[in-house]
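>>> model the following, please.
(one chain, ligands or ions: 2)
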Amino acid sequence: MTSTIISAIHARQLLDSRGRPTLEAEVSLASGDSGRASVPSGASTGKAEAVELRDGGHAWGGLGVAQAVDNVRKLIAPSLIGMDASDQSKLDSMMREMDGTPNLGRLGGNAILAVSLAAVRASAAVGRQPLYRRFAELAGAEPAMPLPMVNILSGGLHAGRGMDVQDFLVMPVGAGSYGEALQWVCRVRDAAGRICAERGLPTLLADEGGLSPGFATSFEALDLMLRSFEAAGLRAGEDVAIAIDVASSSLVDEDGAYVFGREGRSYSSAGMIGLQKEWISRYPVISIEDGLGEDDWDNWPEMTRQLGRIQLVGDDLFATRPDRIRRGIESGAANAALIKVNQNGTVSGTLDAIRTAREAGYATVISARSGETEDDYLADLAVGTAGGQIKVGSVRTSERMAKYNQLLRIEEAGLPWAGTSAIGPFGR
Ligand SMILES: O=C(O)[C@@H](CO)OP(=O)(O)O
Ligand SMILES: [Mg+2]
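Ligands and ions are numbered 1, 2, ... in the order given. Now for the predicted structure:
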């Protein structure tokens with residue numbers, strides 16, 4: 001029997017960084033090797049994402065994943081046992097077919113993804129390959145170290161709506177290596193914490209380990225970012241620049257207005273574009289994610305025309321779905337795609353989304369979720385797909401550090417550094 005034949009699949013419920021249930025799967029092979037992976041979970045989720053199957057009821061406040069675990073054990077495992085784990089696209093399409101719904105709502109995107117990822121690990125193990133090499137093989141890419149985009153200040157659904165905008169992030173664009181980039185980011189994060197403490201602002205951690213100073217306006221947050229760069233001894237716009245995730249789908253009311261509750265005002269789509277124009281003209285902002293909502297297809301092309309000299313990333317807009325990315329490319333919406341494996345539901349589908357974006361010249365940002373586990377596959381995925389950029393959250397909590405530290409280990413292999421070329425021609 002071929003050594004890569006699947007001999008067993010196991011699943012269990014364990015907990016993510018918010019203390020909520022999530023799913024882990026283990027795929028064992030005839031060779032005796034196995035692979036294990038657990039899946040993350042979002043808070044500011046898009047409507048077009050793969051379905052995260054939750055149990056409802058009383059246990060775990062309705063958030064249990066016992067049904068998804070059962071689906072792996074009783075439905076997915078019997079069908080996949082005997083199949084070749086090295087044929088990733090066959091495994092993934094088999095699970096999609098078994099599910100039979102467009103958003104994987106029957107078996108659960110969480111159940112399917114856990115198995116899909118565990119199969120990649122198992123195949124890497126049998127080939128004695130580092131995981132990033134296996135991802136590179138699947139993606140047909142040359143591995144490269146990604147440029148991190150790191151959360152410093154949090155708002156929105158990650159910080160009890162303490163600020164209207166969800167993330168203010170640092171991009172160490174002038175760094176010469178991943179190691180240097182990470183060091184600069186840590187200095188900025190330290191400086192931001194010190195400045196908050198000095199000003200009597202809260203220094204407790206938000207969901208992704210960022211600070212949530214609770215500013216009423218985005219400009220106060222941007223000022224704090226600049227102060228932190230300076231206090232860290234780094235040059236704004238040259239060494240480090242600012243990225244923003246507006247997560248604006250979570251601000252939209254029933255009439256399509258963007259409600260900034262802390263600021264006490266609403267913006268039309270044109271108003272949102274105007275606000276972002278002001279950010280870009282006054283601060284070294286080089287990337288804005290979800291500057292408009294996931295349903296605002298009519299206004300994304302206009303925003304892209306006006307602001308497309310910087311990176312405009314579609315997260316909820318694209319939901320890591322090749323069909324939605326294609327719609328964006330055809331209509332001129334955004335110039336980069338956020339890539340989250342659990343929005344898509346399978347590894348093959350995620351690679352397809354990356355390929356679709358790249359072929360059209362869209363940049364990609366490989367991203368974690370606000371609910372994560374200590375699993376570090378995301379680091380290998382970003383390197384293996386030469387994803388260019390990686391967004392994992394802040395440098396404070398171990399579920400995030402697991403990824404940053406895995407990248408430090410991988411860096412020892414001497415791979416090329418994506419640096420600013422990852423941001424694309426529209427860059428700075
Ligand atoms: O909006 C995002 O990009 C992500 C990660 O920061 O958040 P969530 O996982 O809550 O969707
Ligand atoms: Mg986002």
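>>> and the closest residue in space to Leu14 that isn't next to it in sequence, what element?
Spatially, and ignoring its direct neighbours in sequence, Leu14 is nearest to Glu24 (5.3 Å; CB to CB, 6 or more residues apart in numbering). All C-beta atoms are positioned from the backbone trio N, CA, C, and that covers glycine. Using DSSP states H and E, the element containing Glu24 is strand 21-29.
>>> which one is the closest residue to ligand 2 within the stretch 201-350 of the chain nearest to, not counting chain neighbours?
Nearest residue of the stretch 201-350 of the chain to ligand 2: Asp315, at 3.6 Å (CB to the ion). Closest residue in space to Asp315, ignoring its immediate chain neighbours: Leu338 at 3.9 Å, by CB to CB, 6+ apart.
>>> report whether the one helix or strand the one you found maps to contacts ligand 2.
In this structure, Leu338 sits in strand 336-339 according to DSSP H and E. No: using CB under 5 Å from the ion, strand 336-339 stays clear of ligand 2, coming no nearer than 6.0 Å.
>>> now for the next helix or strand after that strand, which elements pack on it?
Scanning forward in sequence from strand 336-339 by DSSP H and E, the next helix or strand is helix 341-344. When contacts are defined as 3 or more CB pairs under 8 Å, 6 or more residues apart in numbering; DSSP states H and E, helix 341-344 sits against helix 109-126, helix 347-359.
>>> contacting residues for whichever residue of the stretch 1-150 of the chain sits closest to ligand 1?
Using CB to the nearest ligand atom, the closest approach of the stretch 1-150 of the chain to ligand 1 is made by Gly42 at 3.1 Å. Residues in contact with Gly42, defined by CB atoms under 8 Å, 6 or more residues apart in numbering, are Glu49, Lys340, Asn342, Gln343, Arg369, Ser370, Gly371.
>>> which residues touch the residue of the stretch 201-350 of the chain closest to ligand 2?
Counted by CB under 8 Å, 6+ apart, Asp315 has contacts Gly46, Asp245, Ala247, Glu289, Asp290, Leu338, Lys340, Ser367.
>>> how near is the residue nearest to the last one when sequence neighbours are not counted to Glu208?
Distance criterion CB to CB, 6+ apart; nearest residue to Ser367, sequence neighbours excluded, is Lys391 at 4.3 Å. Between Lys391 and Glu208 the distance is 10 Å, computed by CB to CB, to the nearest Å.
>>> again with Ser177
24 Å.
>>> out of these two, which sits in the more crowded spot?
Neighbour totals were compared for Ser177 and Glu208, and Glu208 leads with 28 against 12 (other CB atoms under 10 Å).
>>> could you find the closest non-adjacent residue to that one?
Gly393 (3.3 Å).
>>> same thing with Ala37?
Leu117 (3.5 Å).
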